[in-house]
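> Below: sequence and its predicted model.
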Amino acid sequence: MSADGSRVHVEMHGPDGAPAVVLAHGWTCSTRFWAAQIRELAADHRVVAYDQRGHGRTPAVAGAGHSTEALADDLEAVLAAALAPGERAVLAGHSMGGMTLMAAASRPGFVEHAAAALLCSTGSSRLVAESLVVPMRAGAFRTRLTRAVLGSRAPLGPVTPVSRRILRYATMAPGAAPERVAECARIVHACPRSTRVAWSHVLAGLDLDAGVREMRLPTAVVAGTADRLTPIVHARALAASLPECVGLVELAGTGHMTPVEAPEAVTAEIRKLVEAHLGRDGAAGREARTVRETPARRESLATRDSLTTRDSLTTRDSLTTRDAAAQRDPVAARDAPVPRESTTAREAPARRESATTWQAPAQRGSVTVHKAPAGPGTPTTQEQEETA
């Protein structure tokens, strides 16, 4: 339950006692956006993913409930319910999810639980002015036109070949794999129009530059060089402003949807942060969570109107199971992430090996440019289509 009484849908994957990772998705997306990261990390991490308000399975809110303060409230509520007191985690946010981390950076809950952070394809201000979605010279007219396009109330309708081409142009690289474009289209089209429009207004006036300076923890930045929605200039500005930036990774030829377009690179950056910054402090917090739970936490986990917990993962209204997916979309069910109870330890070595393909810079000010992998050997993520 968030500060204003709003309910937040949370999913938990992976074994108890494992290092914790918290994932915050972006505008018009849902927990399904992190399918590749959940699938790869859940073998040896406890992965917490949640739907931002109005997205996925988190209910919509009234107009006043759309603000960066509300995003910070929701993240604090998730951290309080999913982690034991003092337990540390690596937090990763994509697009609006990264902005959520910036908005919450000075909050007590964030300071208590965040050991390190990953900012993917995001920015702190001037989002509309810097956007390259409208292909014309920068200036006041382009800014007004971009604001109108991104804030349009036009319904997206069903996913069609035309809508997939539009989505690829605006949010993905020209060479993005068709199956990944289709996956993103299903997720984005499932977002309610009212939610899409309400948050577009918040993003248009965003100014979280002060929040960036409050992120006093090891933070890595990942962005695609072909991102039109939040161009690479934002990532470079973040890397220059963060008090403790541990690296800027620029993914050559990748668009805005980095966790889907370059899942191996994003997952590897999360793993690296876990290995570097969830040491003894994180282990102590995990031990406290597995050995004891405070009365307040037990009450939170038992309350139907609070955050969704592990028990709800086995019910029809929580995580999508493979059987349900197979009934509605056999192809998507093939690659859907499985709950932590179904994850086997034998998968962990291969996943750790795949993560070593990507190496992030270890020093502030350094920049690594990666060529995003492509081809039949690159894992893809597909999930069933559902209406929010």
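On my side now, so go ahead. Residues are numbered from 1 along each chain as shown.
> any weak-confidence spans in this protein?
Applying pLDDT under 70 to the chain picks out residues 279-388.
> SS state for the residue of it positioned farthest from its centre?
When distances are taken from the C-alpha mean of the chain, Phe141 lies farthest, 31.5 Å away, according to Cα atoms, centre = their mean. Following DSSP: H, G, I helix; E, B strand; the rest coil, Phe141 is assigned to helix.
> do you know how far it is from Glu130?
Applying Cβ to Cβ, to the nearest Å, the value for Phe141 to Glu130 is 15 Å. (Each C-beta comes from the backbone N, C-alpha and C, glycine too.)
> and Arg228, how many residues sit next to it?
Residues near Arg228, counting by other Cβ atoms under 10 Å, number 18.
> any idea how far it lies from His189?
In this structure, Arg228 lies at 19 Å from His189, with Cβ to Cβ as the measure.
> try Leu217
Between Leu217 and His189 the computed distance is 35 Å (Cβ to Cβ).
> before we move on, what about Val221?
Separation of Val221 from His189 (Cβ to Cβ): 29 Å.
> Could you do Lys272 as well?
Computed as Cβ to Cβ, the Lys272 to His189 distance reads 33 Å.
> same deal with Met136?
Shown here: Met136 relative to His189, a distance of 27 Å by Cβ to Cβ.
> one step back: Val221 and His189 - which one has more neighbours?
Legend: neighbour count by other Cβ under 10 Å for Val221 and His189, higher for Val221 (28 against 21).
> ok, now which ones touch the spatially closest residue to Thr68 that is not a sequence neighbour?
Beyond its immediate neighbours in the sequence, the residue positioned closest to Thr68 (Cβ to Cβ, 6 or more residues apart in numbering) is Ala103, lying 4.0 Å away. In this structure, Ala103 makes contact with Thr68, Glu69, Leu71, Ala72, Leu208, Gly211, judged by Cβ atoms under 8 Å, 6 or more residues apart in numbering.
> Quick check, the third one in contact with Thr100.
Yes: counting by Cβ atoms under 8 Å, Leu71 does reach Thr100; the two are 4.2 Å apart.
> If you count surrounding residues, which of those two has more?
The residue with the greater number of neighbours, taking Leu71 and Thr100 and applying other Cβ under 10 Å, is Thr100; the counts read 29 against 25.
> Now the more buried one: which helix or strand?
Here Thr100 sits within helix 96-104, counting by DSSP states H and E.
> and the next element down the chain from that helix?
Heading C-terminal from helix 96-104 (DSSP H and E), you reach helix 108-113.
> Give the buried residues for that next one.
Using 16 or more other Cβ atoms under 10 Å as the burial criterion, the residues of helix 108-113 that qualify are Gly109, Phe110, Glu112, His113.
> for stretch 110-127, same thing?
By neighbour count, with 16+ other Cβ under 10 Å as the criterion, the buried positions of stretch 110-127 are 110, 112-125, 127.
> try stretch 198-213
By 16+ other Cβ under 10 Å, the buried positions in stretch 198-213 come out as Ala198, Trp199, Ser200, Val202, Leu203, Ala204, Leu206, Leu208, Gly211, Val212.
> can you list contacts of that stretch?
Counting by Cβ under 8 Å, 6+ apart, residues outside stretch 198-213 touching it are 27-28, 54, 63, 66-68, 96, 99, 102-106, 123-125, 127-128, 147, 150-151, 238, 241-243.
> among these, which are in strands?
Of the contacts of stretch 198-213, none are assigned to strands by DSSP state E.
> which among the residues you listed end up buried?
27-28, 54, 66, 68, 96, 99, 102-105, 123-125, 127-128, 147, 150-151, 238, 242.
> wait, what's in contact with Glu130?
Counted by Cβ under 8 Å, 6+ apart, Glu130 has contacts Gly123, Thr230, Pro231, Val233, His234.
> Which residue ranges of the stretch 201-350 of the chain form strands?
Taking DSSP state E, counting those that start in this stretch, the strands of the stretch 201-350 of the chain run over residues 219-224, 245-252.
> any chance of these in CSV, with distance to Gly17 too?
Conversion of these to CSV gives the following (distance: least, Cβ to Cβ, whole Å):
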stretch, distance to Gly17
strand 219-224, 25
strand 245-252, 26
